[in-house]
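Chemist: quick one: sequence plus predicted model below, questions after.
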Amino acid sequence: MSSKLRDLLNTEPILVSPGVYDCYSAKVAEMAGFKLLSTTGAGLVNSRLGVPDVGIFSLRDNVDACRMIARSVALPVSADAEAGYGNAATVYYVVREFESAGVSAVSIEDQAIPKRCGHVAGKNVVPLLDMTRKIEAAVAARSSPDFLIVARTDAIATGGIEDAVKRAKAYEAAGADVIFPDAVRGADDISRIVDAVSIPVRINMGFGLRTRTTTPLISVAELRDLGVRWVSLSRILPAAAIRGMSEALRVMREGIETGTLQERPDLVADMSDIQALMDYETFFDVERRFVTCPEGEGLA
């Protein structure tokens with residue numbers, strides 16, 4: 001899968017990766033025709049622990065979740081390795097853990113620990129040398145050169161675009177395969193980063209379908225024209241799930257309170273949809289081949 005991701009970056013005009021947080025969301029994105037998935041650290045910690053994304057999601061929690069997601073789909077998956085869970089020495093082992101989990105890339109950010117969501121106030125970044133050493137350790141740790149190291153910088157919020165450009169150049173020199181400036185403020189920030197490096201640039205469009213105060217909504221076509229090679233939609237699926245579940249339960253609650261029957265197939269998937277998504281047919285085929293009835297006859 002790692003070589004597949006590198007091939008996609010080399011051949012596709014632009015890649016779009018929805019942010020997935022469980023096997024349901026991963027399979028839905030795969031069925032929708034996307035070629036790449038990226039885990040959302042915020043989505044994982046919010047959905048699995050029920051707490052804010054403020055740096056308390058453990059390495060084991062993260063790797064275990066990514067392993068389940070990666071094996072549930074036939075697509076490359078990029079994992080969010082937070083700030084590397086420590087210094088350059090820990091990053092070395094963190095990269096090995098994620099690579100063994102079956103993902104195709106990891107993003108490592110230059111936030112100080114404890115880190116927080118890239119679009120929340122109060123971020124701090126580590127010294128430039130500390131992050132370049134993390135990237136060097138990550139590159140040295142991977143067993144395949146096709147396993148991509150994505151260097152994320154949150155420096156726009158702390159030191160402005162000049163610091164982010166300086167860091168992007170340094171991270172490329174340290175061996176990063178992709179540069180990921182988070183919380184960009186618009187097209188000018190993006191152009192500055194794209195012009196500063198020769199490796200692919202990844203941009204986070206968050207919700208994908210609505211703007212936010214930290215980053216304006218820019219179309220994939222415009223991002224491609226700006227030279228961006230990879231667009232993350234980190235929040236689109238968690239946000240859509242929250243909205244969808246809230247609406248279904250609101251309608252159900254309304255029916256309970258009014259005593260009326262609510263027939264709303266537009267709000268919930270059919271059982272056949274779930275079975276198709278989870279590939280029940282493969283299990284049924286295995287069952288037919290290997291499981292016998294009590295009477296000793298194969299299943300029909």
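Modeler: Yes, it's here.

Chemist: all contacts plus neighbour counts: C-alpha atoms, from now on.
Modeler: Noted.

Chemist: and for residue 175, the neighbour number?
Modeler: 19 (other CA atoms under 10 Å).

Chemist: dump the residue contacts of it.
Modeler: Listed by CA atoms under 8 Å, 6 or more residues apart in numbering, the contact set of residue 175 reads 135, 136, 139.

Chemist: which one of those residues is nearest residue 198?
Modeler: For the contacts of residue 175, the minimum distance to residue 198 (CA to CA) is 16.7 Å, reached by residue 135.

Chemist: gap between the spatially closest residue to residue 153 that is not a sequence neighbour and residue 155?
Modeler: The shortest distance from residue 153 to any non-neighbouring residue, by CA to CA, 6 or more residues apart in numbering, is to residue 181 (4.9 Å). Counting by CA to CA, to the nearest Å, the gap from residue 181 to residue 155 is 8 Å.

Chemist: kindly report the same for residue 165.
Modeler: On the measure of CA to CA, residue 165 and residue 155 end up 9 Å apart.

Chemist: and for residue 33?
Modeler: Counting by CA to CA, the gap from residue 33 to residue 155 is 33 Å.

Chemist: the two: which has the busier surroundings?
Modeler: residue 155 (27 against 8).

Chemist: wait, that one sits on residue 180?
Modeler: No - counting by CA atoms under 8 Å, residue 155 sits too far from residue 180 to count as a contact (10.8 Å).

Chemist: all strands of the stretch 151-300 of the chain, in order?
Modeler: 178-181, 202-204, 230-233 (DSSP state E, counting those that start in this stretch).

Chemist: out of those, which one sits most buried?
Modeler: Among the strands of the stretch 151-300 of the chain, ranked by average contacts under mean count of other CA atoms under 10 Å, first place goes to strand 178-181 (a mean of 26).

Chemist: which residues touch that strand?
Modeler: The contact list for strand 178-181, computed with CA under 8 Å, 6+ apart, reads 148-156, 164, 168, 171-172, 193, 199-204.
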